[in-house]
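# Mind looking at a prediction? Sequence and model below.
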Amino acid sequence: MLYKDEGLLLQTIQHSDNGVILKVFTLNEGLQSYYHRLSKKHRRSGLFEPLALLELVSWKEVKQEMHTCREIRLNISYHNIGRDVLRNTVVMFLNEILLKCLKHAPPQPDLYLFFREWLQHFDLADFDPDSHLHFIAHLSAYLGFFPNGSYHTGDIYFDLQAGSFVPNRPLHNLFLEGEIAKEFDDLFDESASHKINPANRKFLLHALVEYLRIHIPDFGQLKSLAVVEEIFR
């Protein structure tokens, strides 16, 4: 039967001269794979840019892992993403992270709506060099490992393995302390709006990536991490 949905494009794989396989995190079905036959119009449309927000009409068979996409169009067009080097760098980086975090993602409409709202804001608002840090921090809440507790005079360490602020230095070396622990905590607080200095930004970025690596199976290495560090150093 024909089925309509919207989704976030995570990956485009060339399948043949005239066909592609799309991995899309959809509003209603979670992560889905689609085969789509290309036309010249599609090649020029910007449909297959990283983290494009798409509307799809597909033939859906319950027992098939891949669906055939009959119609595809942009659900929301970006104004600055795709035209701005800084925004494009952030999108490329976050795209790689989402590919690793959503490998077998079930339907999570609230998570999809978070992506859609965040990308629309990121596209139109003044550029914030800390935006990718806040994105990863809030992503962790939807993935199930939002930090326990908060930084205060009693709990001055953040244990990356336990995902908790604790009063005593952990016995392993995967922890944050002092100013970095406080700024790490602020990333998860929507009311905190201070700018992060470049030195701390790099440290926090590595801490967030390590936090994901600890809690996401087979997370591996990020090829785009070095690019983001260079751009925002």
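Happy to help now that I have it. Numbering: from 1, shown residues only.
# Quick one: end-to-end length of stretch 12-25, please.
Stretch 12-25 has an end-to-end distance of 12 Å (criterion: CA to CA, to the nearest Å).
# Now do the buried residues in it.
Using 16 or more other CB atoms under 10 Å as the burial criterion, the residues of stretch 12-25 that qualify are 12, 20-25. Glycine gets a C-beta too; all of them are placed from N, C-alpha and C.
# which other residues reach it?
Here stretch 12-25 makes contact (CB atoms under 8 Å, 6 or more residues apart in numbering) with 7-11, 31-38, 48, 54, 56, 66, 69, 72, 98-99, 102, 105, 111-112, 115.
# What subset of the residues you listed is buried?
Using 16+ other CB under 10 Å, the buried ones in these are 7-11, 31-32, 34-36, 38, 48, 54, 56, 69, 72, 98, 102, 105, 111-112, 115.
# got the residue ranges for the strands in the chain?
2-16, 19-26, 30-37, 53-59, 66-76, 157-159, 164-166, 175-177 (DSSP state E).
# Let me have those strands in TSV, extended by distance to His134 and mean pLDDT.
Output for those, formatted as TSV (distance: least, CB to CB, whole Å; pLDDT from 0 to 100):
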stretch	distance to His134	mean pLDDT
strand 2-16	18	93
strand 19-26	20	95
strand 30-37	23	93
strand 53-59	20	94
strand 66-76	20	92
strand 157-159	17	98
strand 164-166	19	97
strand 175-177	17	97
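# and of these, who's closest to Pro217?
For those, proximity to Pro217 was assessed by CB to CB; strand 30-37 is nearest, at 15.2 Å.
# one step back: out of the buried residues of stretch 12-25, who's nearest Pro198?
Phe25 (31.5 Å).
# how about the nearest residue to that closest one, chain neighbours excluded?
In this structure, Phe25 finds its nearest non-sequential neighbour in Leu8, 4.7 Å apart by CB to CB, 6 or more residues apart in numbering.
# wouldn't Phe7 be in contact with Leu27 here?
Just so we're on the same page, residue 7 is Gly rather than Phe. Yes: between Gly7 and Leu27 a contact is recorded at 6.3 Å, counting by CB atoms under 8 Å.
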